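S.K.: kindly return the folded structure for what I paste below:
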Amino acid sequence: MKVIKYCILAVILATVSAVGGENNFREFVVDVEEVKNACDAARIVHFKEAKLSTWFVRKNDEFIFKAVKEYSHISFKSKKLAALCEKIGGGDAFSEFVGRSVVFGIQKGNGELEGRVFIGTVCRDASCADEDYVLILAE
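M.R.: Reported below is the predicted structural model:
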């Protein structure tokens, strides 16, 4: 279990800059292989996956999301995600980003998920045919 947690942490620490990506997201973007490795590791430790809706509530570093299906309450605590929210101005821009995101975590009860890994996409063109990936671990 420690090895898997270390692998996920290593994936986060190995972030790279986006080439020509949205300036607000540049420091948060990771390589597609890193995302694949994080997803594989999350599945190995039996994390549950939830595709997020655009709805969220934020209080400081704590976020509450709702999933498109299954989970009505997804908690996620991260200073890094809070910094990204502030950097892009929160509101509609952050909601749009959240709506293209997935959270992996531990099921806590009926409809509740404690998020551990957040993966989102950043569109680089109007049709989202070209996108970058954001990968953030919960604290």
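S.K.: what about the host helix or strand of residue 37, average pLDDT?
M.R.: Residue 37 belongs to helix 32-44 when assigned by DSSP states H and E. The average pLDDT within helix 32-44 is 85.
S.K.: for the residue nearest in space to the middle of the chain, helix, strand, or coil?
M.R.: Centrality entry for the chain: nearest residue to the mean C-alpha point is residue 118, 2.1 Å, by Cα atoms, centre = their mean. Three-state assignment for residue 118 (DSSP: H, G, I helix; E, B strand; the rest coil): strand.
S.K.: this structure: strands as residue ranges?
M.R.: 29-30, 48-59, 62-67, 73-77, 102-109, 112-123, 131-137 (DSSP state E).
S.K.: not counting sequence-adjacent ones, nearest residue to residue 73?
M.R.: Closest residue to residue 73 apart from its sequence neighbours, by Cβ to Cβ, 6 or more residues apart in numbering: residue 112 at 4.7 Å. C-beta: built from backbone N, CA, C; applies to glycine.
S.K.: show me what contacts that neighbour?
M.R.: Neighbour list for residue 112: 71-75 [criterion: Cβ atoms under 8 Å, 6 or more residues apart in numbering].
S.K.: give me the helix or strand of the protein that scores worst on average pLDDT.
M.R.: In the chain, the helix or strand scored least confidently by mean pLDDT, DSSP states H and E is helix 2-13, which has a mean of 40.
S.K.: tell me the bridge partners for the residue nearest to residue 73.
M.R.: When bridges are called by DSSP bridges, residue 112 pairs up with residue 73, residue 109.
S.K.: just the pLDDT for it.
M.R.: If you check residue 112, the pLDDT there is 93.
S.K.: that one and residue 54, how far apart?
M.R.: Distance from residue 112 to residue 54, counting by Cβ to Cβ, to the nearest Å: 19 Å.
S.K.: again with residue 98
M.R.: Distance, residue 98 to residue 54, using Cβ to Cβ: 6 Å.
S.K.: those two: which is more packed in?
M.R.: residue 98 (21 against 16; other Cβ atoms under 10 Å).
S.K.: surely the more buried one and residue 57 touch.
M.R.: No - applying Cβ atoms under 8 Å, one finds residue 98 not in contact with residue 57, separated by 11.0 Å.
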